[in-house]
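Visitor: predicted model and sequence below, questions to follow.
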Amino acid sequence: MMKLGIVQRSCGPDRDANIAGHAEMIRDCARQGAELIVLQELHNSLYFCQTEDPALFDLAEPIPGPSTETFGALARELGVVLVLSLFERRMAGLYHNTAVVLERDGSMAGKYRKMHIPDDPAYYEKFYFTPGDLGFAPIDTSVGRLGVLVCWDQWYPEAARLMALAGAELLIYPTAIGWESSDSAPEKARQRDAWITVQRAHAIANGLPVVSVNRTGFEPDPSGVTGGIQFWGSSFVAGPQGEMLLEAPTDKEAALVVEIDLARSETVRRMWPFFRDRRIDTFGDLTKRGIERPAFCPAADCCR
């Protein structure tokens, strides 16, 4: 059994205030007994990708760097494992959206660079982030082997499956997603439900718990092109059959803790042996961008 904490929070323009607020909520989770605590995507700042502004690259930092030092000291003080989400400056002109895992002693257990980068109205991430080059490799920690992915990765079953095949014991998604103001109420409901459903499906298909931690609150679009984003919160933890173990509200900050039985994955996979029955000999086309097949010929004899 392992106690997991999630920190769902709204962010403002003051970096120091954001870090201090997250630190206090981390402490709250630790007081509740959390051993592993997960933060949301790009938690040190506003979600700056609503607009394309070269000056915003100044928000980036090296890894290791100031944030790993600050949060590392906190992890060491509290004796917890932390999952951070940072804007990484790798070198001049090369930046990543990077998740970092810190061990109980404050050291860096590993990092993951976001592989799938969106480029849509209000989510102009391709302007800022180079796609990850570290692959889908779980990170070993004192609380288990963590399959850490980031936000847009959560829509891709291939990413979840590759983490599972590499031995991940749970899937973790720091996230920043919400509603654009012009969407209708029914469309907003469909989007949020799809977001939850696809991740619960990853839990079921892989027989693993899934942890998704989203930000909440409204953030305006500095360019004025859109009406800004209302982040829908709704952070959750699902078990290996997709069962909901923990749900956060849509519109409130939350520091919540839930107990996860990591051993249940073995039991579930014995009942539902999806890995045993995979037809890996037929999956080669998954590496193609698209599959082109000859048109169907009704006079089959002419092709013999």
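Guide: That came through fine.
Visitor: residue boundaries of the helices in the protein?
Guide: Remark: helices assigned in the chain by DSSP state H are 15-31, 66-78, 157-165, 185-206, 264-271.
Visitor: which among the ones you listed is found nearest to C49?
Guide: Proximity to C49 (CB to CB) singles out helix 15-31 among those, at 15.9 Å. Every residue, glycine included, has its C-beta placed from N, CA and C.
Visitor: tell me what angle the closest one forms with helix 66-78.
Guide: 30 degrees (axes from the mean of the first three to the mean of the last three CA atoms, to 10 degrees).
Visitor: for helix 15-31, name the packing helices and strands.
Guide: For helix 15-31, the elements it packs on are strand 2-8, strand 36-38, helix 66-78, strand 254-260, judged by 3 or more CB pairs under 8 Å, 6 or more residues apart in numbering; DSSP states H and E.
Visitor: okay, buried residues for the last one please.
Guide: The neighbour-count criterion (16 or more other CB atoms under 10 Å) identifies A254, A255, L256, V257, V258, I260 as the buried residues of strand 254-260.
Visitor: re earlier: reformat the helices and strands packed on helix 15-31 as a markdown table; add distance to S182 and mean pLDDT.
Guide: Converted to a markdown table, the helices and strands packed on helix 15-31 look like this (distance: least, CB to CB, whole Å; pLDDT from 0 to 100):
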| stretch | distance to S182 | mean pLDDT |
| --- | --- | --- |
| strand 2-8 | 25 | 98 |
| strand 36-38 | 31 | 98 |
| helix 66-78 | 34 | 98 |
| strand 254-260 | 27 | 98 |
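Visitor: deepest of those, which one?
Guide: Among the helices and strands packed on helix 15-31, strand 36-38 has the highest mean neighbour count (mean count of other CB atoms under 10 Å), at a mean of 29.
Visitor: strand partners (parallel or antiparallel) of it?
Guide: Partner strands and pairing direction for strand 36-38 (DSSP bridges) are strand 2-8 (parallel), strand 81-91 (parallel).
Visitor: any idea how far the shortest one is from the chain center?
Guide: Yep, that's strand 2-8 we're talking about. Strand 2-8 sits 14 Å away from the centroid of its parent chain (CA atoms, centre = their mean, to the nearest Å).
Visitor: before we move on, what about the longest one?
Guide: Centre-to-centre, strand 81-91 and its host chain are 13 Å apart (CA atoms, centre = their mean).
Visitor: ok, which of the strands paired with strand 36-38 comes nearest T141?
Guide: Closest approach to T141 among the strands paired with strand 36-38 (CB to CB): strand 81-91, 5.1 Å.
Visitor: buried residues, that closest one. List them.
Guide: The neighbour-count check on strand 81-91 (16+ other CB under 10 Å) flags V81, L82, V83, L84, S85, L86, F87, E88, R89 as buried.
Visitor: so, low pLDDT: which residues of the stretch 201-304 of the chain?
Guide: Confidence mapping of the stretch 201-304 of the chain against pLDDT under 70 gives the ranges 296-304.
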